[in-house]
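Asker: Coordinates for the following, if possible.
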Amino acid sequence: MRCVIAHFPFELTKSGVLESMKGIKPEPGTGESVIVGRRHYPVKQVGQVITRQDRRDFSAAEVLRAMTQLGFTCRTLPKAAPVRILS
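Answerer: Here you go, the predicted model:
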């Protein structure tokens, strides 16, 4: 599948992503994540590995969109609940 991440075109396949992430230990993360195999990886870590770009060069949304289109399960941050101020 062709996708654009950080203004660069990439030809990504599900098997290619699985192969790229093989042997890579997931970093601890609290934000968005992608399930690759049986592991939860921070989305920015996956983006860095598959594109070989610096994490500051792309957004998490770009990688989430590509991984979703490839059929990976992605988890996003839950929306914050509204804060109630008691007086």
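
Asker: For I85, see how far away the spatially most central residue of the chain is.
Answerer: Note on the chain: the residue nearest the mean C-alpha position is V43, at 2.4 Å, using Cα atoms, centre = their mean. To I85, V43 is 33 Å away according to Cβ to Cβ, to the nearest Å. Quick note: C-beta positions are derived from backbone N, CA and C, even for glycine.

Asker: repeat for D54
Answerer: Using Cβ to Cβ, one gets 40 Å for the distance from D54 to I85.

Asker: So between those two, which is more surrounded?
Answerer: Comparing D54 with I85 by other Cβ atoms under 10 Å, the one with more neighbours is D54, at 10 against 4.

Asker: how close does the more buried one sit to C74?
Answerer: Here D54 is placed at a distance of 21 Å from C74 (Cβ to Cβ).

Asker: got it, and R39?
Answerer: As judged by Cβ to Cβ, R39 and C74 stand 13 Å apart.

Asker: Check V63 too.
Answerer: Remark: distance between V63 and C74 (Cβ to Cβ) = 9 Å.

Asker: can you check H7 too?
Answerer: For H7, the distance to C74 - Cβ to Cβ - is 22 Å.

Asker: And the two? Which one has more around it.
Answerer: Neighbours were counted for H7 and for C74 using other Cβ under 10 Å; C74 has more, 17 against 8.

Asker: ok, residues contacting the helix or strand containing that one?
Answerer: Using DSSP states H and E, C74 maps to strand 73-75. Residues outside strand 73-75 that contact it (Cβ atoms under 8 Å, 6 or more residues apart in numbering) are E32, S33, V34, I35, H40, V43, L64, M67, T68.

Asker: in the chain, which spans are strands?
Answerer: 2-5, 8-11, 33-36, 39-42, 73-75 (DSSP state E).
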